[in-house]
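[1] Could you look at this predicted model? Sequence included:
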Amino acid sequence: MKILCERGFTFVEIAILAVIIVLLAVIAIPNFMKSKWHANEENAIASLRLIHTAMESFRAGQRPKLYTNANSLSVLSTSKPPYIDTMLGNGTKQGYNFRLNDVSAYGYTAQARPVAFKVTGNRSFVIDETGVLRVRGQSDWLAKAQGEIVK
């Protein structure tokens, strides 16, 4: 008589494997979200510094040297030569919304905030004509000189 040898996994083995996969997912997903937030925030900081440099370059090319002609990000992206890329000029880049506020002859405020607070980022940022970058852990648009300084 021939004995049949069945190969395969038992229900218990498959259940243990499923539990291990779920545990790994529970550990990995929050770490992935933190790294995504961090990447978005670092990109927002770099973009605000780029906007500051673009505003200073734009002003240097004006006669008289005023900020008022650059009253929106789209002006910086469509000018010849363009000072920022068109994606940033449209106001949204990598999970953050950007905008220029309070543009006057001698000053401005550039702001960044998460598209979805606690989803694409945890903090809002602001930079002004002085080049000082500030951060705040809220999703609202910041006024000039609010929040702690980013180094």
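    Ah, there it is. Residues are numbered from 1 along each chain as shown.
[2] what about residue 40, which helix or strand?
    helix 11-60 (DSSP states H and E).
[3] other SSEs contacting that helix?
    Here helix 11-60 touches helix 73-78, helix 86-89, strand 92-93, strand 96-101, strand 109-114, strand 124-128, strand 133-136, going by 3 or more CB pairs under 8 Å, 6 or more residues apart in numbering; DSSP states H and E. Quick note: C-beta positions are derived from backbone N, CA and C, even for glycine.
[4] quick one, which of the ones you listed is nearest to residue 67?
    strand 96-101 (9.1 Å; CB to CB).
[5] Give the buried residues for that closest one.
    96, 97, 98, 100 (16 or more other CB atoms under 10 Å).
[6] residues contacting the third one?
    Remark: with contacts taken as CB atoms under 8 Å, 6 or more residues apart in numbering, residue 98 is in contact with 44, 47, 48, 51, 73, 88, 91, 92, 110, 111, 112.
[7] next one: the second one
    Contacts were defined as CB under 8 Å, 6+ apart; by that measure residue 97 touches 91, 112, 113, 114, 115.
[8] rewinding a little: what's the angle from the helix holding residue 40 to strand 109-114?
    Relative orientation of helix 11-60 versus strand 109-114 (axes from the mean of the first three to the mean of the last three CA atoms, to 10 degrees): 170 degrees.
[9] Quick one: distance of stretch 67-84 to the chain centre.
    20 Å (CA atoms, centre = their mean, to the nearest Å).
[10] for that stretch, how far is the first residue from the last?
    16 Å (CA to CA, to the nearest Å).
[11] Quick check, residue 102 in contact with residue 110.
    No - using CB atoms under 8 Å, residue 102 is not in contact with residue 110; the gap is 9.7 Å.
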